[in-house]
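**Q** curious how this folds, go ahead:
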Amino acid sequence: MAERELTVSDASELLAKGIEAVEEDDFDAAERILDKAGDLLGENHPRVLHLAGLLGWAKGEFERACGFLMQAADAKPDRFEIYLDCAECLFVTGEVGNAEAQVRVALARKGLTVEEDGEAKLLLAQIRLADDDPEEALEVLDSIDESLRKHPAWLSARGSALIEADRADDAVKMLEDAVASESDNADHHYNLALALEAAGNESRAREEMLSVLRLDTAQAQGEDLVPEESEALKSLLEDLLEELPGPILELVANCPIDVRRRPSEVEVQSGVDARGLVYFVGRPVKDGKPGKLDRIGISRDILLEEVDDEGEVPDALFAALVESIQDFFDRDDLVMEEV
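**A** Sure, this is the predicted structure:
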């Protein structure tokens, strides 16, 4: 019996199967479906471009993914998810302004369901928070339908905004509710740790950071660290240290450097950020008392999560180094002025 000819309704089903294949990391099947959909609808059809973008995103090809998704959105399709996926991909790649523009297009559409409105506003709040505007982020979150305000994603986002708005005590309760709803979500634990630290509860903050470390480690997929890789990262950081101005270099000069996949439990218990890319071990400056730096650590797995290619590694390490100097030595103004 001959294979029946595909119709437009079949294309819709085909594209749905393509998205399902992407979500299941079956990239070969997704590629075949993408080719078939392109033959049927044309490779520049917005839904075909949408699938191409999702596939590129899943494969870590962020520049291509954003290109396809922006082409899809520029075609003004009658599909909410295309605008939102485009906005989210742009946001992930740091294109905050373009991401906000796309999510506002999605919100301007008529006939959104409560869930669609809430999903778009949640992303918009995260974008505004990333743009250092916690007050607007809170306004956006508070405009989401009340029926969605028990969802852990809403609780976590609002808790994060409250931290940035210097309302740590309010954030703690909200983030505790998020953790209670999804105890295996490391992001909720991380945000709660930050809120507890800001609220002055150091011991509980470290307990939550340990939960982050254990959950992140359990889900890690990276390869074991080999000596050659460790030495290369150590050498690179040593070169970056030499770029620091004299007064800052004196704070960290001749300090031993360790490279690990992630900080150890002992280090996190001592106050190290479980997701620190470059972290300082020792006694930080606090309440006017001098600090003592014992060791500098590099988290290889965190680095791999933050960069897309090797060319981004030096900038990522240097930014993390500066942040650690600021936090450990309480030297924000000096570092920002001189580095």
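**Q** just checking, what packs against the helix or strand hosting Ser12?
**A** For Ser12, the element it lies in under DSSP states H and E is helix 8-23. Applying 3 or more CB pairs under 8 Å, 6 or more residues apart in numbering; DSSP states H and E, one finds that helix 8-23 contacts helix 27-41, helix 46-58. In short, each C-beta sits where N, CA and C put it, glycine included.
**Q** how near is the nearest residue to Trp154 once chain neighbours are set aside to Ile19?
**A** Using CB to CB, 6 or more residues apart in numbering and skipping the chain neighbours, the partner closest in space to Trp154 is Leu148 (5.9 Å). From Leu148 over to Ile19 the distance is 23 Å, taken as CB to CB, to the nearest Å.
**Q** thinking again about what came up before, most packed of the helices and strands packed on helix 8-23?
**A** Mean neighbour count (mean count of other CB atoms under 10 Å) peaks for helix 46-58 among these, with a mean of 23.
**Q** contacts for that one?
**A** Taking contacts as CB atoms under 8 Å, 6 or more residues apart in numbering, the residues outside helix 46-58 that touch it are 11-12, 15, 18-19, 22-23, 25, 27, 30-31, 33-34, 37-38, 41-43, 62, 64-69, 71-73, 75, 77, 79, 81-82, 85-86, 89.
**Q** just the buried residues of those.
**A** Taking 16 or more other CB atoms under 10 Å as the criterion, what is buried in the contacts of helix 46-58 is 11, 15, 18-19, 22, 30-31, 33-34, 37-38, 41, 62, 65-69, 71-73, 77, 82, 85-86, 89.
**Q** wait, which of the helices and strands packed on helix 8-23 is closest to Ala205?
**A** helix 46-58 (33.4 Å; CB to CB).
**Q** and the angle for the helix or strand following the closest one with helix 46-58?
**A** Next helix or strand after helix 46-58 toward the C-terminus (DSSP H and E): helix 62-74. Counting by axes from the mean of the first three to the mean of the last three CA atoms, to 10 degrees, helix 62-74 lies at 160 degrees to helix 46-58.
**Q** show me what helix 62-74 is packed up against.
**A** Using 3+ CB pairs under 8 Å, 6+ apart: helix 62-74 touches helix 46-58, helix 80-92, helix 96-108.
**Q** do that again at 6 Å, thanks
**A** Applying 3 or more CB pairs under 6 Å, 6 or more residues apart in numbering; DSSP states H and E, one finds that helix 62-74 makes contact with helix 46-58, helix 80-92.
**Q** kindly reformat the ones you listed as JSON lines containing mean pLDDT and distance to Leu240.
**A** Rendered in JSON lines, the data for the helices and strands packed on helix 62-74 read as follows (pLDDT from 0 to 100; distance: least, CB to CB, whole Å):
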{"stretch": "helix 46-58", "mean pLDDT": "97", "distance to Leu240": "31"}
{"stretch": "helix 80-92", "mean pLDDT": "97", "distance to Leu240": "26"}
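**Q** next, Val281: secondary structure please.
**A** strand (DSSP: H, G, I helix; E, B strand; the rest coil).
**Q** pull up the gap between it and Glu23, please.
**A** Distance from Val281 to Glu23, by CB to CB: 40 Å.
**Q** Leu175: which element?
**A** Leu175 belongs to helix 168-181, assigned by DSSP H and E.
**Q** mind giving me CSV with the helices and strands packed on helix 62-74 and columns for distance to Ala232?
**A** Below are those laid out as CSV (distance: least, CB to CB, whole Å):
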stretch, distance to Ala232
helix 46-58, 29
helix 80-92, 27
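**Q** out of those helices, which gets nearest to Ile257?
**A** Comparing those by CB to CB, helix 80-92 comes nearest, at 30.0 Å.
**Q** so which residues make contact with the closest one?
**A** If you take CB atoms under 6 Å, 6 or more residues apart in numbering as the criterion, helix 80-92 is touched by 50, 57, 65-66, 69-70, 72-73, 98-99, 102-103, 105-106, 116, 120, 127.
**Q** let's see that with 8 Å instead.
**A** Here helix 80-92 has contacts from 46-47, 50, 53-54, 57, 62, 65-66, 69-70, 72-73, 96, 98-100, 102-103, 105-106, 109, 112, 116, 119-120, 123, 126-127, 130, using CB under 8 Å, 6+ apart.
**Q** now swap in stretch 243-259 and tell me
**A** If you take CB under 8 Å, 6+ apart as the criterion, stretch 243-259 is touched by 225, 229-230, 233-234, 237-238, 241-242, 293-298, 300, 318, 325, 329, 331, 334-335, 338-339.
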